[in-house]
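Novice: okay, here's the prediction I keep looking at, along with the sequence it came from:
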Amino acid sequence: MFSGIIEEIGKIKEKRNKGNGIEIKIEADKIFDDLKVGNSISVNGVCLTVEKIDNKTFSVSISSQTKNQTNLGEIKTGEYVNLERALKIGDRIGGHFITGHIDFKTKIISLRKNGEFYLMKIKIPQEYRKYIVERGSIAVDGVSLTIAEFKNDEVLIYLIPYTIENTNLKYKKIGDLVNVEIDIFAKYLR
């Protein structure tokens with residue numbers, strides 16, 4: 001489980017084919033104080049397993065299913081990803097519960113500055129619209145966010161300056177793919 005409070009922005013150092021899937025090596029800085037091989041880690045909201053650690057980099061494998069259903073299949077060397085280590089019992093939860101199991105990927109359809117804030121719109125596929133609640137939670141590339149508005153098939157999200165500065169959303173543009181996880185409680189309540 002994760003909270004959607006991004007700890008660090010990592011950088012893709014290598015990407016290579018591994019059978020039907022891929023292996024990526026990610027460079028980071030802050031997360032290594034207690035990161036171990038076998039730990040779960042959220043990479044752009046996707047729960048993955050740390051397989052190797054080597055001098056400020058770690059490697060993860062991505063199955064063919066995850067490659068096809070998330071934006072990690074299209075990721076390129078040099079791109080930035082959101083990183084969060086798994087929650088520890090007793091830690092504060094500043095965001096909302098996130099499983100790391102992505103529901104769908106979608107394109108950013110609008111991203112514009114509004115004063116110090118940014119307004120981002122994404123499309124929600126038909127089968128997931130029943131779970132969307134205004135002022136409810138949604139995870140976009142692993143970032144815990146609040147749904148400001150839901151009209152037709154579009155969700156509007158306000159991004160505060162802190163979120164822009166401390167996540168890979170600062171590198172995103174219209175048309176970029178993002179991973180979306182619907183709030184787990186909305187699914188269970190439905």
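Specialist: On my side now, so go ahead. Residues are numbered from 1 along each chain as shown.
Novice: all helices of this structure, in order?
Specialist: Remark: helices assigned in the chain by DSSP state H are 64-69, 161-166, 184-189.
Novice: out of those helices, flag the one nearest Ile93.
Specialist: Ile93 lies closest to helix 184-189 among the helices of the chain, at 12.7 Å (CB to CB). Every C-beta, even on glycine, is put in place using the N, C-alpha and C of the backbone.
Novice: quick one: mean pLDDT over that closest one.
Specialist: If you average the pLDDT over helix 184-189, you get 85.
Novice: ok, now stretch 55-71?
Specialist: Mean predicted confidence for stretch 55-71 is 97.
Novice: now stretch 36-52
Specialist: 98.
Novice: end to end, how far does it reach?
Specialist: Distance between the two ends of stretch 36-52: 8 Å, counting by CA to CA, to the nearest Å.
Novice: okay, buried residues for that stretch please.
Specialist: Using 16 or more other CB atoms under 10 Å as the test for burial, stretch 36-52 gives Ser40, Ile41, Ser42, Val43, Asn44, Gly45, Val46, Cys47, Leu48, Val50.
Novice: among the helices of the chain, which comes closest to Asp29?
Specialist: Per CB to CB, nearest to Asp29 of the helices of the chain: helix 161-166, 13.3 Å.
Novice: quick check: buried residues in that closest one?
Specialist: Thr163, Ile164, Asn166.
Novice: with only the CA atoms kept, save it in PDB.
Specialist: Extracted C-alpha coordinates of helix 161-166, given in PDB (Å, rounded to 0.1, in the frame of the first residue of the first chain):
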ATOM      1  CA  PRO A 161       2.500  24.600  -6.500                       C
ATOM      2  CA  TYR A 162       4.000  22.000  -4.100                       C
ATOM      3  CA  THR A 163       2.600  19.100  -6.200                       C
ATOM      4  CA  ILE A 164       3.900  20.500  -9.400                       C
ATOM      5  CA  GLU A 165       7.400  21.100  -8.000                       C
ATOM      6  CA  ASN A 166       7.800  17.800  -6.200                       C
END
